[in-house]
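Colleague: predicted model and sequence follow; I will ask about them next.
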Amino acid sequence: SLTGQPNAMGGREVGGLANQLAAHMDIDNPVHRHRVQRFWSSPVMAARAGLKAVDLFEAVHEGRVKAVWVMATNPVVSLPNADRVRAALQKCDLVVVSDCIGDTDTTRMAHVKLPALGWGEKDGTVTNSERRISRQRAFLPTPGEARPDWWIISEVGRRMGYADAFAYASPAAIFREHAALSAFENDEAHGVRDFDISGLMALSDAAYDELEPVQWPVSPRQPGGRQRLFADGRFFTPDARGRFLAVSARAPVNLPEAAYPLVLNTGRIRDQWHTMTRTGLTERLLAHIGEPFCAMHPEDAA
């Protein structure tokens with residue numbers, strides 16, 4: 001993916017943000033909530049958005065959240081006010097961390113560490129910014145006791161008493177369910193939603209393994225996907241017309257002042273990933289720049 005995060009689009013498709021439901025449905029929409037609840041036969045459904053990352057760790061710090069499970073990220077380094085994040089995890093009753101690196105700043109805060117798979121060890125799908133779903137096939141063996149994220153989550157769900165809800169045997173089974181939700185009540189009678197991969201919900205395991213990259217929507221009407229959305233002039237609004245919003249420029253919340261005259265903007269090292277937990281052990285990738293740095297004008301430094 002060419003975005004800041006790999007598979008950011010895929011994460012949104014499966015409801016991977018605190019203010020979203022899966023299949024591009026909205027947690028603030030009671031119709032969407034009821035639809036997802038019925039699809040999964042869930043006895044309980046969240047009625048409002050959860051906490052976003054910064055707010056979540058503030059809630060941990062205040063004791064309102066007593067258990068947290070951190071997966072595939074290093075918030076003790078990467079989040080704003082990182083020392084407060086560290087202090088929050090130190091006082092949290094239960095900290096679980098899933099990672100493919102055993103020793104990170106965040107795993108040092110963990111009561112339970114779960115060894116996860118890294119990128120080249122994973123099997124599944126990712127979605128690029130252009131809506132292109134691609135099969136990701138592992139090209140490295142599974143090391144030691146490490147397991148895929150889906151397997152880890154499923155095992156925890158089963159052991160909490162929800163074996164029927166987490167009876168997945170493979171990424172293909174999860175993908176079929178994901179596609180089926182995208183198709184559920186996605187029609188003229190209930191309202192057509194943009195995210196529709198109903199054409200993939202009956203894939204066999206073999207067909208899933210051989211899946212070639214395709215741009216959603218993928219439906220029986222469009223089995224080959226669709227390259228351009230909105231080319232027909234129709235949008236995903238009740239009257240199919242587009243919406244233009246007039247906005248006014250707004251200054252940043254934190255403006256420079258006498259006590260804090262400088263703004264430090266985070267950047268990226270070309271060959272490294274985030275806090276280097278994924279890539280910092282690779283000697284070749286350290287040849288360009290060996291460590292994070294701050295670039296300043298000499299007058300500012302003085």
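Modeller: Looks like it arrived, so ask away. Numbering: from 1, shown residues only.
Colleague: Leu117 reaches Pro148, doesn't it?
Modeller: Yes: here Leu117 reaches Pro148: they are 5.3 Å apart, a contact under C-beta atoms under 8 Å. The C-beta positions use only the backbone N, C-alpha and C, and glycine is treated the same way.
Colleague: ok, those two, which is more surrounded?
Modeller: Leu117 (22 against 18; other C-beta atoms under 10 Å).
Colleague: any idea how far that one lies from Thr107?
Modeller: 16 Å (C-beta to C-beta, to the nearest Å).
Colleague: now the strands: where do they sit in the stretch 151-300 of the chain?
Modeller: 214-215 (DSSP state E, counting those that start in this stretch).
Colleague: so where do the helices sit in it?
Modeller: Along the stretch 151-300 of the chain, the segments classed as helices by DSSP state H, counting those that start in this stretch run 171-183, 205-209, 298-301.
Colleague: may I see the buried residues of the first one?
Modeller: To tie it back to what came earlier, the one meant is helix 171-183. By neighbour count on 16 or more other C-beta atoms under 10 Å, the buried set for helix 171-183 is 171-172, 174-176, 178-183.
Colleague: for it, packing partners?
Modeller: helix 30-40, strand 124-127, helix 205-209 (3 or more C-beta pairs under 8 Å, 6 or more residues apart in numbering; DSSP states H and E).
Colleague: let's go with 7 Å and repeat that
Modeller: Helices and strands touching helix 171-183, as assessed by 3 or more C-beta pairs under 7 Å, 6 or more residues apart in numbering; DSSP states H and E, comprise helix 205-209.
Colleague: packing partners of the helix it packs on?
Modeller: Against helix 205-209 (3+ C-beta pairs under 7 Å, 6+ apart) you get helix 171-183.
Colleague: what about the helix it packs on, average pLDDT?
Modeller: Mean pLDDT, helix 171-183: 97.
Colleague: tell me which residues are up against it.
Modeller: With contacts defined as C-beta atoms under 7 Å, 6 or more residues apart in numbering, helix 171-183 is touched by 14, 22-23, 39, 123-125, 150, 168, 195-198, 200-201, 203, 205, 208.
Colleague: for stretch 225-243, same thing?
Modeller: With C-beta under 7 Å, 6+ apart, stretch 225-243 has contacts from 193-194, 214-218.
Colleague: whichever of those residues end up buried, select them in ChimeraX.
Modeller: Burial among these is assessed by 16+ other C-beta under 10 Å; the matching ChimeraX selection reads:
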select :193,214,215,216,217,218
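Colleague: and the contacts of stretch 225-243, which is closest to Gly267?
Modeller: Nearest to Gly267 among those, counting by C-beta to C-beta, is Gln215 at 31.2 Å.
Colleague: what bridges to that closest one?
Modeller: Arg132 (DSSP bridges).
Colleague: same thing with the one 4 residues further on?
Modeller: Legend: beta-bridge partners of Ser219 under DSSP bridges are Gln222.
Colleague: what number of residues lie near Phe184?
Modeller: The burial count for Phe184: 19, using other C-beta under 10 Å.
Colleague: surely it touches Gln37?
Modeller: No: counting by C-beta atoms under 7 Å, Gln37 is not a contact partner of Phe184; they are 11.3 Å apart.
Colleague: buried ones in stretch 110-125, by neighbour count?
Modeller: Under 16+ other C-beta under 10 Å, the buried positions of stretch 110-125 are 110, 113-117, 119, 121-125.
Colleague: in stretch 150-168, which residues are buried?
Modeller: For stretch 150-168, by 16+ other C-beta under 10 Å, it's 150-154, 157, 166, 168.
Colleague: ok, so of those residues, who is nearest Leu286?
Modeller: Nearest member of the buried residues of stretch 150-168 to Leu286, counting by C-beta to C-beta, is Ile152, at 30.1 Å.
Colleague: ok, the closest one - contacts?
Modeller: Going by C-beta under 7 Å, 6+ apart, the list of residues near Ile152 reads 98, 114, 116.
Colleague: over to Gln20?
Modeller: 12, 27.
Colleague: can you tell me how far it sits from Arg221?
Modeller: 26 Å.
Colleague: likewise for Phe230?
Modeller: For Phe230, the distance to Arg221 - C-beta to C-beta - is 17 Å.
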